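Visitor: sequence and predicted structure, then a few things I'm wondering about:
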Amino acid sequence: SLIATDDYNIPPAAQRFMAERARAHTAEVKASHAVSVSQPGAVTRLIEQAAYPATR
């Protein structure tokens, strides 16, 4: 789960709660709700780590 710390649509505390409830691995990035637009590299890295966990 990628926590966008500057998200005003879904507060970071709510994101953390949902990720913890899902037992998800998390990463945080200073970004808004549009994290995939403003931080595409962070999103890509998270997806790659999930798809290829041995390369972490």
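Guide: Yep, it's here.

Visitor: from here on, just use CA atoms for contacts and neighbour counts.
Guide: Noted.

Visitor: ranges for the helices of this protein?
Guide: Ranges of helices within the chain are 12-21, 35-38, 40-51, based on DSSP state H.

Visitor: what mean pLDDT does the first one get?
Guide: Within the predicted structure, the mean pLDDT of helix 12-21 is 98.

Visitor: by contact count, what packs against that helix?
Guide: The helices and strands touching helix 12-21, judged by 3 or more C-alpha pairs under 8 Å, 6 or more residues apart in numbering; DSSP states H and E, are strand 2-4.

Visitor: related to what we said a few turns ago, for T5, find the nearest of the helices of the chain.
Guide: In this view, the helices of the chain are compared for proximity to T5 by C-alpha to C-alpha, and helix 12-21 is the closest at 5.4 Å.

Visitor: and of the helices of the chain, who's closest to I3?
Guide: Put simply, out of those the one that sits nearest I3 is helix 12-21, at 6.2 Å, with distance taken as C-alpha to C-alpha.

Visitor: sorry, back to before: okay if I get the helices of the chain as CSV plus distance to A27 and mean neighbour count?
Guide: Listed next are the helices of the chain as CSV, based on distance: least, C-alpha to C-alpha, whole Å; neighbours: other C-alpha atoms under 10 Å:
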stretch, distance to A27, mean neighbour count
helix 12-21, 10, 14
helix 35-38, 12, 14
helix 40-51, 8, 14
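
Visitor: how about those helices in TSV, adding distance to E28?
Guide: Putting the helices of the chain into TSV (distance: least, C-alpha to C-alpha, whole Å) gives the following:
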stretch	distance to E28
helix 12-21	9
helix 35-38	11
helix 40-51	9
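
Visitor: out of these, which is closest to V29?
Guide: Comparison of these against V29 by C-alpha to C-alpha identifies helix 40-51 as nearest, at 7.4 Å.
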